[in-house]
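S.K.: task: produce atomic coordinates for the following.
(2 chains)
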Amino acid sequence: MSVRVRFAPSPTGYLHIGAARSALFNWLYARKTGGKFLLRIEDTDLQRSTDESTRSIIEGLEWLGLDYDEDLVFQSDNGPAHRAAANRLLEEGKAYRDFTPKEQREDKSVKEDISERARAQEAEGKDQRSNPFRDLPKEESDRRAAAGEPFAVRLKVPNKGQTRFDDIVYGPQERSHSEIEDLVLLRSDGHPLYNLSVVIDDIAMGITHVIRGQDHLTNTHKQILLYEALGAPVPQFAHLPLILAPNKGKLSKRKHGEVVSLTTYRDRGFVPAAFRNFLALLGWAPPEGKEVLTKEELVEYFSLEGINRANAIFNFQESDPRRWTDDKALWMNAEYIRTMPLDELFPMLKTELRANKLWREEYDDDDREWFSKTVNLIRERYFTLKDFSSQGRAYFSDDFDFDEAAVNKNLRKEPRLRELLNGLADKLENVEPFNAETSEAALREFADEAGVKAGLLINGSRTMLTGQAVGPSMFEVFDVIGREASVTRLRSGIPWSM
RNA sequence: GGCGCAUUGGUGUAGUCGGCUAACACGCUGCCCUCUCAAGGCAGAGACCACGGGUUCGAGUCCCGUAUGCGCUACCA
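M.R.: Prediction:
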């Protein structure tokens, strides 16, 4: 039987990186096994679900390069099927109507509520199975329902026995039925609940392997009970360790802000392949230790068995702007930027430069060679695509800012420098041809004549030409900026009047 | 409260059937290179493998217990 997996997010906000990682693992497994990767939007919570969120999920997957097969499924379209399944179980006596009035519950105190109820139940000697309606005769149940009395539908969990399954990641799992309550399938307003919906939809979609977050590990037993009640084959399960915040708590938008949202990485200049690569390494390790892997290599090496069981911490420091996200993610991105084929980098650069009005169409044809050379020169020290339009601005435009610290360090320190740099400009004006070698020779010669260290002129030039104190080899910069612009910039009065 | 899962340097992980002087990557420190910053090269710091006990000639690896963290326990998803 061929593998069918799915990614089933609920569209209640941005795509969380944890969810993105689940999607990745599902996708990898499908591609590895030649199976299908399906996408289902779990939009049954109408209040919280938005179209915008659905769009961002689809865009996010696309950005990561995770293409899905077959048609997109909206869970909300399957409401009737969910209800029909619940009613069938009711007919077959595998579920029952619970006429207990619905309890109002405050969302914030659920956790305490649960504990309190559990303690109270224990004190009264009740167990999960103590529901007065569990064994209500069918006729009476039918009569009360017909009379219009509201009811929820609950699964009749067997008193004795246990469910067991072999999780591909976590190994054999066993849970006694006595630990499982009679879960609600249908609310009293007829709305199907999560556990029912997933199971029905997974059956309908022919899912063979359920790969999802570890937060569903214990609930899996309930779902297995449903598969069995429904007479459907139980899929294989593989639960993934969770991704936690540095304090080992939940990674949430409210607490941690934009770091958890996938779109942030797109917007802040990540190369999709780099982020995908980083994500794959959270909870999984390639068998041979090589960590920088192409999409194809990820598919080749991936296996569910290789997934780690302990939760991973997403390591970032909110207080430090340089560590706004995980160090390794940033490193991975830089690694991709400086080593990936230019052909693949160009489209991303085009988008980035265009957004900042730094793109010129000639970069695609006449100036292609110059553009390649320039990008190659500067990409080595950049971490994100954004750096090309910020730190790299001076390479693509004459209109750039001077970094004040750089001006202080490289220009103001030496009073004669303004005059010297003007002299250098005069000298460079007559260098023929103008390139890295000749500009170097000219600069060194000029330094000798003036009796100053070459470094003084080099560093000064760097700041005059790029506005910064750091950057590539100065002579390469002269070459790339060109004679005309170099000379003009050397003579500029701007930094001197700052 | 109950149940489940996890626990290897700051972080991500590797450690097959028990032999480890505990490996790799990121980060960190220093040196080299050098016109700066990176990259690269080299060197290094950092883990009594959560703790306690047991089995064994020998335990990160097996068993039991404890602690801590996380998850689930909803007419949320």
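
S.K.: which residues of the stretch 51-200 of chain A score low on pLDDT?
M.R.: A:105-108 (pLDDT under 70).

S.K.: who touches A:Ala469 in this structure?
M.R.: Applying CB atoms under 8 Å, 6 or more residues apart in numbering, one finds that A:Ala469 lies in contact with A:403, A:405-406, A:409-410, A:459, A:462-463. Backbone N, C-alpha and C define where each C-beta goes, glycine included.

S.K.: now swap in A:Phe478 and tell me
M.R.: A:Phe478 is in contact with A:428, A:434, A:436, A:439, A:461, A:465, A:486, counting by CB under 8 Å, 6+ apart.

S.K.: likewise A:Arg489?
M.R.: A:398, A:464-465, A:481.

S.K.: so which of these would you say is closest to A:Lys357?
M.R.: When those are compared for distance to A:Lys357 (CB to CB), A:Asp398 comes out closest, at 12.7 Å.

S.K.: tell me, how many residues neighbour the residue lying closest to that closest one once chain neighbours are set aside?
M.R.: What sits nearest to A:Asp398 in space, not counting adjacent residues and going by CB to CB, 6 or more residues apart in numbering, is A:Ala485, at 6.4 Å. For A:Ala485, the count of nearby residues is 14 (other CB atoms under 10 Å).

S.K.: distance check, A:Ala485 against RNA strand B.
M.R.: Summarising the geometry, the distance separating A:Ala485 from RNA strand B, computed by CB to the nearest atom of the strand, to the nearest Å, is 18 Å.

S.K.: likewise A:Ser197?
M.R.: Applying CB to the nearest atom of the strand, one obtains 7 Å for the distance of A:Ser197 from RNA strand B.

S.K.: any idea which element the closest residue to that residue other than its chain neighbours lies in?
M.R.: Leaving aside its chain neighbours, A:Ser197 sits nearest to A:His82 (5.3 Å; criterion: CB to CB, 6+ apart). Remark: A:His82 resides in helix A:79-91, with elements defined by DSSP states H and E.

S.K.: contacts for that helix, please.
M.R.: The set of residues external to helix A:79-91 that reach it, using CB under 8 Å, 6+ apart, is A:44, A:95-97, A:153, A:155, A:185-186, A:190-192, A:196-197, A:200, A:204, A:229-230.

S.K.: close to RNA strand B: what parts of the stretch 201-350 of chain A are there?
M.R.: A:214-219, A:241-242, A:244, A:246, A:248-250, A:281-285, A:289, A:291, A:306, A:308-313, A:315, A:326-328, A:331, A:334, A:338 (CB under 7 Å from any atom of the strand).

S.K.: do that again at 6 Å, thanks
M.R.: Residues of the stretch 201-350 of chain A lying near RNA strand B by CB under 6 Å from any atom of the strand: A:215, A:217-219, A:242, A:248-250, A:281-283, A:285, A:289, A:291, A:306, A:308-313, A:315, A:327-328, A:331.

S.K.: please check those residues and keep the buried ones.
M.R.: Neighbour-count burial (16 or more other CB atoms under 10 Å) applied to those gives A:217, A:242, A:281-283, A:312-313.

S.K.: redo those residues as TSV? Include distance to A:Glu414.
M.R.: TSV is the format used below for those (distance: CB to CB, whole Å):
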residue	distance to A:Glu414
A:Leu217	67
A:Leu242	57
A:Leu281	48
A:Leu282	50
A:Gly283	54
A:Ala312	51
A:Ile313	48
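
S.K.: ok, A:Pro287 - contacts?
M.R.: Taking CB under 8 Å, 6+ apart as the criterion, A:Pro287 is in contact with A:301, A:303, A:306.
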